[in-house]
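Trainee: this is a predicted model, with the sequence first.
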Amino acid sequence: MTTRVYLHVGAPKSGTTYLQGVLEANRQRLADAGVLLVGDRHLDRIHAALQVRDDQRLADLPETARHAWTTLVRQIAEWPGESAVLSYELFAAASATQARRALADLAAYDVHVVVTARDLGRAAVSAWQERLKFGLTTRLERWTPTDEAEGGEWGWHTLDPAAVAERWGSTLSADHVHIVTAPRPGVAPDELWHRFADACGLADLPMQLDVERTNESLGVVQAELLRRVNRVLGPEIRGSRQRSVWIRDLLAQDVLGPLGHEPIGTTESEVEAARATWEQSVERIRAAAYLVHGDLDDLRPADHAGRLPGQVADAELVEAATQCISALVVELRDRTLAGRTAGAAGPRARLRHLAERATAPYANRRVRQLAQRVAELEREVQSSRRLHLRVAALQDVVTELLLDPEHQDRGVTEKALRAYRRGAL
């Protein structure tokens, strides 16, 4: 039965997508080692965090979503192995009261809280980008994480590792609270995983680490374009669900994301604010004696060269808008054609079409493997067919040669020999 639970609560934009990708890619390896990856789907963990945080958005979701945390706790209780890992970055937004209540549901286990964090200056820029994907219209030059409401998902409330650790570790001993720092650029790409694995008791397990890495960041031109589009879209796209589907997923990630990745700079005032937060955070972490995996200096805001969105020229925005419109037309065409094909065949076909779209990223690799195997089998069939023809021709020759000389047809024998020679050569 489960005795230990590692609860990775954030912070957001600290390499969590990569870490969760490694965990998912190694789900069976973990299970074989007695470790449960909690949650059958990432969506289950998202809903669980909403339940823990008493988020009002749950009211618009199915009944199962409203009890997702309860379901995950039951999964842990039913797991026959020794430990479980639960990872989702926006548990970090929970209040101290909400965190204590969630930990009380896990009181039967030896719970370790894991907090990942990165360069706080870049974390602030990333947080602004994430807010853009949900309709923010404020310029980066005028925005700061302190503008976010208490309990929000993208303020210092969630980005500061000390603040997150204090809320989630208030009922735990210091050696059960782990701070994992994301290494600076230039370090081995899997270093973050090794630090995280050390915190979660997974360091000795052989894992597949070559998972796909997605770049979800927008370039400075594309970010400014999105901000301006948000000013027009504001009244049209309402609610977090619509914004996540149409602004974040379609416009930001599918269309604008691939168009450019020029780094976004940071204002001097924001760097100073991030450094003040880092200094205070380091003092609190050290005073609390939390376990640190990595180097707290990795969190120090570094000077990052790069343009600010306000420095983007109008001509650049026009070019990006042209590319964006072109990509949207192609996307609309593809979706329309797919919808017509699905609609013409009835509800079952539409359901199959949706399932195929949902599983496409996972199916593509298998399709390529099967295609390679089919090609190999076709080559084997062709080789076997050639051999069969040679044997048939040889059989004709042998048959003619074994006939009584009086019944042999010289023309037929010569024809059989020629056929065999062609097949043999």
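Mentor: Sure thing, it's come through.
Trainee: sticking with residue 276, tell me its helix or strand.
Mentor: Taking DSSP states H and E as the criterion, residue 276 maps to helix 268-288.
Trainee: note down every partner strand of the helix or strand that that helix is followed by and its orientation.
Mentor: Per DSSP H and E, helix 268-288 leads on to strand 291-293 as the next helix or strand towards the C-terminus. Taking DSSP bridges as the criterion, strand 291-293 forms sheet pairs with strand 177-181 (parallel).
Trainee: restrict the strand it pairs with to CA atoms and write it as PDB.
Mentor: In PDB, the C-alpha atoms belonging to strand 177-181 read as follows (Å, rounded to 0.1, in the frame of the first residue of the first chain):
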ATOM      1  CA  VAL A 177       9.600  20.600   1.800                       C
ATOM      2  CA  HIS A 178      11.800  20.500  -1.400                       C
ATOM      3  CA  ILE A 179      12.900  23.500  -3.500                       C
ATOM      4  CA  VAL A 180      14.100  22.500  -7.000                       C
ATOM      5  CA  THR A 181      15.800  25.300  -9.000                       C
END
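Trainee: gap between the two ends of stretch 2-20?
Mentor: Taking CA to CA, to the nearest Å, stretch 2-20 runs 21 Å from one end to the other.
Trainee: buried residues in that stretch?
Mentor: By 16 or more other CB atoms under 10 Å, the buried positions in stretch 2-20 come out as 2, 4-16, 18-20. (Glycine included, C-beta is placed from N, CA and C.)
Trainee: quick one: average confidence on it?
Mentor: Across stretch 2-20, the average pLDDT comes to 94.
Trainee: just checking, residue 293 touches residue 181?
Mentor: Yes: if you go by CB atoms under 8 Å, residue 293 and residue 181 touch, sitting 7.1 Å apart.
Trainee: neighbour-wise, which of these two wins?
Mentor: Comparing residue 293 with residue 181 by other CB atoms under 10 Å, the one with more neighbours is residue 181, at 23 against 19.
Trainee: where does the prediction get shaky in the stretch 51-200 of the chain?
Mentor: Low-confidence segments of the stretch 51-200 of the chain, defined by pLDDT under 70: 150-151.
Trainee: do a quick rundown of the helices in it.
Mentor: Applying DSSP state H, counting those that start in this stretch to the stretch 51-200 of the chain gives helices spanning 63-66, 68-78, 96-105, 120-132, 156-159, 161-168, 191-199.
Trainee: can I get these in CSV with mean neighbour count?
Mentor: Below are the helices of the stretch 51-200 of the chain laid out as CSV (neighbours: other CB atoms under 10 Å):
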stretch, mean neighbour count
helix 63-66, 12
helix 68-78, 17
helix 96-105, 16
helix 120-132, 23
helix 156-159, 26
helix 161-168, 25
helix 191-199, 21
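Trainee: need those helices in TSV (columns: distance to residue 48).
Mentor: TSV is the format used below for the helices of the stretch 51-200 of the chain (distance: least, CB to CB, whole Å):
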stretch	distance to residue 48
helix 63-66	9
helix 68-78	4
helix 96-105	9
helix 120-132	20
helix 156-159	16
helix 161-168	14
helix 191-199	20
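Trainee: between these, which gets nearest to residue 333?
Mentor: Closest of the helices of the stretch 51-200 of the chain to residue 333 is helix 120-132, at 26.5 Å (criterion: CB to CB).
Trainee: got the angle for the closest one vs helix 268-288?
Mentor: Relative orientation of helix 120-132 versus helix 268-288 (axes from the mean of the first three to the mean of the last three CA atoms, to 10 degrees): 110 degrees.
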